[in-house]
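Trainee: the sequence isn't on hand, but the structure is:
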Ligand SMILES: [Fe+3]
Ligand SMILES: [Mg+2]
Ligand SMILES: [Zn+2]
Ligand SMILES: [Zn+2]
């Protein structure tokens, strides 16, 4: 793939390598703007950009990630995902075959997620100006119910649930990038959450206070946001965190706290305490890996926003690290 | 009205400043005055002890001289008193204190029980026989039950206990040793104790309470006893089951436990004690003194496993002395807290917080206003070195020429704040680590308490430069004016204050575990050319990486792997470990080098408490060994102390030299490094500071070598050289920065 080719080459690239794979009836190639027709419900819209190295990793690739990530943002807001846009920034020299694999993956993920890709853009930039492929997707969805997900509804006593084993995506990418050579290699949890989110919302109604996919910054980042928005404290019992044995090993060796590692198909939900069993059974019926769990609860804030019980007797504040990994012990 | 001048009467006002109140100063003055026929009064005021003295001119002059010699450490000021309209008093009295905005007085420290009170509680004919709260003007709690200055009964927890007639007459009698003893009490009017189970049900009270607890301890139970500064866990130090059970419940597998005995002779059964150590044990501060343990001790082996030191203290109060008498054996006496949390000090929460650890409780109804841990010291040569400044030692008041009200918050572990106010620096008692929620809550409560006790509002808050410290965050959020002070500069500045070198340049050798450096790496093997307001990093340990960050500190084998990888890449066992090393934070920490060498020499995989590996390496030292390894000092700028030759020699020696000798050779190498650096800068006084120098073997080597080489190396002293003394250095640096 080379940068600066004329309009005809670019048009051919888009037509043959991208549009063809995404399927007829999806991308409206010949208009300046896609027409989505009339939408009668309340609309949700979100956008996100995806950069990941390596482009392919156990359990996923940048293509599926770009679809799941945006679909999940809609799903976690309580909306049903309908449409996606797809913008590609390609680095000069990227093999066409690589682009092909990524677009195939986008297409497959979109069909799994029941969304249509309705508009797109492609740019090729000089070598070094991008790292292989950068993708931006914008998602449009509709709200089927009047309920909106907001962390300000979290009350002391509410249960905090996680849908499955944590830290898988971050570790999979790290292991692939650094050729850590684990056998089997850790796999990303990248997956769509729109069905499980919809069923949880339907089953729990108002008892589902809010939910959030724990992407960058991991569970910790979500807990900090919720603590701030609800003015309560989020308390986590470390011993209840679902964690695959291989993830535990990698985290220990590298000194990583699994609470801070990214997920791409695992989410946290805050629910009324009497609905824990109902919520867990919905999660169990969907999760690929099983192992949803209650990991803690919300409580009235004393001092710190997020607390972790690490089996040491005293609760420890989980600080948002400013300078990551710097030891504090003298 | 008399013409006073014509009959030779002089009236004068005196003020004594910088005195420690609560040590029977006013009664002493009253006795001095009365025995010389002087009339007038003495009272406490926020500015000091105020005296009005009426008498013949020569008598007053003589009185002034006596005040000067009796209170040699205090500042004495005097004024002529305008007597117009005043009537000459007919006797000398101690009168009500006044309170006001300005505080010049020093907050009184808690004092260990004196020999007179001990005799009384053991004398079956005395009315205070067996009374656990017996005190006098020379002894008893002070700071721990103080709510406001000056130190008067009404501003302490004793205000809840009105004196009975007999106590009141002792209090008013100038010949009684409890004349004006603010803490005076007896079984009829004073605090009481009782024994309770975990559910708060009373088992025994008054005289039976102590006997019951002692009996339970003899049977192997663990007691939670409310002492002077907080609750303490107490069990039989000769009972292996009891001690290991305490360790299990307290989640404290190996960290040494202090032992309390009735007197020095009893301590000599299991520890060697020199004259300096004897004095430290018997001092009114009543600290835990770290002693060298004897080979075959009568104590159980779980007191200080793998170490050859043992922490010992004598009875703090009558309560402790009586408990020891009843138990008839050495007792483990350790802080009543949950692992990682601060000391518990309130009756209302003790049973719920400590109920999983203690089998039985001994409560009392005197409130603790300021929770305070036991202090820890060790003796190096003839110097008493503070390891933890708490009960009896802190608040530690030091003098300064600065007056701007400033607060310093210390670091992240062993946090102790300090304040600068009215030409004093005051190091507050040790609070603890900031890793737990409860530790942070206690920090904030402590700051509130010190602000009200000292009527103090800082215009500036000094803090460490580490971006992830809780105290740093707190300082920045709670002050319009916050000043970051580099960790090792603060260590060196505290030592400059200790040795009165504030107006000079010094060579500061600061070896510790972790401090945030100006280049955003972790420092800890630093040699600084320092003044109060600035420093230059002229040398440091060759940097290495900490695989897994903080987890490397708990698992020193990781550091060893990282060091070995710098000598031979092939030694790294796996790709993940290689990545962990490559991505680990960079450090030049001497504390971490000790950890790694200990891990290699003693096969230590992981440690249960900070400093454990280094302490075990010290314990292993064969002190007869005279050979040494050698750090190579490079010609870089700053200089680097290359540890690779040391590591190579250690590994070469391992197959055929005893571990004890290897350990000693390493200690000698570090001592020699200090000596070499001091020698390169002979023109400057050199201070050594940082937690690494709590290593007594290392300090003593440096002291000896320094004398042989005629170097001016200043050894650690009253201000803790670990992070417990950091706040003093932060104040010194921050105030000099503001001065410019
Ligand atoms: Fe330090
Ligand atoms: Mg997103
Ligand atoms: Zn006494
Ligand atoms: Zn009485």
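Mentor: Arrived safely, thanks for sending. Predicted model, so just to flag it, every value in this text is computed and none were measured. Ligands and ions are numbered 1, 2, ... in the order given.
Trainee: from the chain's centroid, how far away is the top helix by length along chain B?
Mentor: Ordering each helix of chain B by length in residues (DSSP state H) puts helix B:659-680 first. In terms of C-alpha atoms, centre = their mean, to the nearest Å, the centre of helix B:659-680 is found 28 Å from the chain centre.
Trainee: what segments of the stretch 601-740 of chain B are helices?
Mentor: Remark: helices assigned in the stretch 601-740 of chain B by DSSP state H, counting those that start in this stretch are B:612-620, B:644-653, B:659-680, B:696-708, B:726-739.
Trainee: by mean pLDDT, show me the worst of the ones you listed.
Mentor: Mean pLDDT is lowest for helix B:726-739 among the helices of the stretch 601-740 of chain B, at a mean of 93.
Trainee: now render the helices of the stretch 601-740 of chain B as CSV, adding distance to residue B:320 and mean neighbour count.
Mentor: To be clear about C-beta, it is placed using only N, CA and C from the backbone, and glycine gets the same treatment. As requested, the helices of the stretch 601-740 of chain B are exported to CSV (distance: least, C-beta to C-beta, whole Å; neighbours: other C-beta atoms under 10 Å in any protein chain shown):
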stretch, distance to residue B:320, mean neighbour count
helix B:612-620, 27, 23
helix B:644-653, 45, 17
helix B:659-680, 36, 21
helix B:696-708, 27, 18
helix B:726-739, 30, 26
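Trainee: how about TSV for these, with distance to residue A:65 added?
Mentor: TSV is the format used below for the helices of the stretch 601-740 of chain B (distance: least, C-beta to C-beta, whole Å):
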stretch	distance to residue A:65
helix B:612-620	43
helix B:644-653	44
helix B:659-680	51
helix B:696-708	54
helix B:726-739	46
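Trainee: quick one: which of those helices is nearest ligand 3?
Mentor: helix B:726-739 (31.2 Å; C-beta to the ion).
Trainee: could you report the neighbour count for the nearest residue to residue B:43 once chain neighbours are set aside?
Mentor: Nearest non-adjacent residue to residue B:43, counting by C-beta to C-beta, 6 or more residues apart in numbering or on different chains: residue B:95, 4.8 Å away. For residue B:95, the count of nearby residues is 13 (other C-beta atoms under 10 Å in any protein chain shown).
Trainee: same question for stretch A:122-131, mean pLDDT?
Mentor: Mean predicted confidence for stretch A:122-131 is 92.
Trainee: list the buried ones in that stretch?
Mentor: A:124, A:130 (16 or more other C-beta atoms under 10 Å in any protein chain shown).
Trainee: stretch B:591-599 near ligand 1 anywhere?
Mentor: No - using C-beta under 5 Å from the ion, stretch B:591-599 stays clear of ligand 1, with a minimum separation of 8.3 Å.
Trainee: contacts for that stretch?
Mentor: A:330, B:511-514, B:524-525, B:541, B:544, B:546, B:552-553, B:556-557, B:559-560, B:562-563, B:604-605, B:607, B:611, B:613-614, B:616-617, B:643, B:646-647, B:650, B:663, B:666, B:690-692, B:695 (C-beta atoms under 8 Å, 6 or more residues apart in numbering or on different chains).
Trainee: from the stretch 151-300 of chain A, which residue is nearest to ligand 1?
Mentor: Of all residues in the stretch 151-300 of chain A, residue A:255 sits closest to ligand 1, at 20.9 Å by C-beta to the ion.
Trainee: which residues touch that residue?
Mentor: Applying C-beta under 8 Å, 6+ apart to residue A:255 gives the contacts A:325, B:547, B:548, B:549, B:550, B:551, B:552, B:580, B:584.
Trainee: so which of those residues also contact ligand 1?
Mentor: Applying C-beta under 5 Å from the ion, the subset of the contacts of residue A:255 adjacent to ligand 1 is empty.
Trainee: rewinding a little: relative to helix B:696-708, how tilted is the longest helix of chain B?
Mentor: 40 degrees (axes from the mean of the first three to the mean of the last three C-alpha atoms, to 10 degrees).
Trainee: now the angle from helix B:659-680 to helix B:612-620?
Mentor: 100 degrees.
Trainee: ok, and the closest non-adjacent residue to the residue of the stretch 151-300 of chain A closest to ligand 1?
Mentor: residue B:548 (2.9 Å).
Trainee: how much space between the one you found and residue B:589?
Mentor: As judged by C-beta to C-beta, to the nearest Å, residue B:548 and residue B:589 stand 15 Å apart.
Trainee: which of these two has more neighbours?
Mentor: residue B:589 (32 against 27).
Trainee: sec struct for the closest residue to the more buried one other than its chain neighbours, please.
Mentor: Counting by C-beta to C-beta, 6+ apart, residue B:589 lies nearest to residue B:524, which is 2.9 Å off, once chain neighbours are set aside. Three-state assignment for residue B:524 (DSSP: H, G, I helix; E, B strand; the rest coil): strand.
Trainee: check the one 3 residues further on too.
Mentor: Secondary structure for residue B:527, judged by three-state DSSP, is strand.
Trainee: list the beta-bridge partners for it.
Mentor: Residue B:527 has these beta-bridge partners by DSSP bridges: residue B:509, residue B:539.
Trainee: quick check, it in contact with residue B:678.
Mentor: No - with contact defined as C-beta atoms under 8 Å, residue B:527 does not reach residue B:678; the gap is 9.4 Å.
Trainee: what is in contact with those two at once?
Mentor: Common neighbours of residue B:527 and residue B:678, using C-beta under 8 Å, 6+ apart, are B:507, B:509.
Trainee: I figured the residue nearest to residue B:589 was touching residue B:689, is that so?
Mentor: No - with contact defined as C-beta under 8 Å, residue B:524 and residue B:689 do not form a contacting pair (11.8 Å).
Trainee: ok, these two, which is more surrounded?
Mentor: Remark: of residue B:524 and residue B:689, residue B:689 carries more neighbours, 31 against 28, as counted by other C-beta under 10 Å.
Trainee: OK, contacts around the more buried one?
Mentor: So residue B:689 contacts B:491, B:492, B:494, B:495, B:508, B:509, B:510, B:716, B:721 (C-beta under 8 Å, 6+ apart).
Trainee: looking at those, which is nearest residue B:147?
Mentor: Nearest to residue B:147 among the contacts of residue B:689: residue B:494, at 29.4 Å, using C-beta to C-beta.
Trainee: any idea how far the host helix or strand of that closest one is from the middle of the chain?
Mentor: Assigned by DSSP states H and E, residue B:494 falls within helix B:487-498. In terms of C-alpha atoms, centre = their mean, the centre of helix B:487-498 is found 17 Å from the chain centre.
Trainee: packing partners for it?
Mentor: Contacts defined by 3 or more C-beta pairs under 8 Å, 6 or more residues apart in numbering or on different chains; DSSP states H and E place helix B:487-498 against strand B:506-516, strand B:522-530, strand B:535-541, strand B:686-689, helix B:726-739.
Trainee: can it be found next to ligand 1?
Mentor: No - Helix B:487-498 is not in contact with ligand 1 by C-beta under 5 Å from the ion; minimum separation 5.7 Å.
Trainee: now that helix: mean pLDDT?
Mentor: For helix B:487-498, mean pLDDT rounds to 98.
Trainee: any idea whether the residue lying closest to residue B:197 once chain neighbours are set aside is helix, strand or coil?
Mentor: Excluding the flanking residues, the one nearest residue B:197 by C-beta to C-beta, 6+ apart is residue B:203, at 6.1 Å. Under three-state DSSP, residue B:203 falls in the strand class.
Trainee: for chain A, what's the nearest residue on chain B?
Mentor: residue B:548 (2.9 Å; C-beta to the nearest C-beta).
Trainee: what residues are up against residue 74?
Mentor: If you meant another chain, say so; for now it's chain A. Taking C-beta under 8 Å, 6+ apart, one finds A:44, A:46, A:80, A:81, A:139, A:140, A:141, A:194 in contact with residue A:74.
Trainee: hmm, no, I was thinking of chain B.
Mentor: Contact analysis of residue B:74 by C-beta under 8 Å, 6+ apart lists B:16, B:17, B:18, B:19, B:48.
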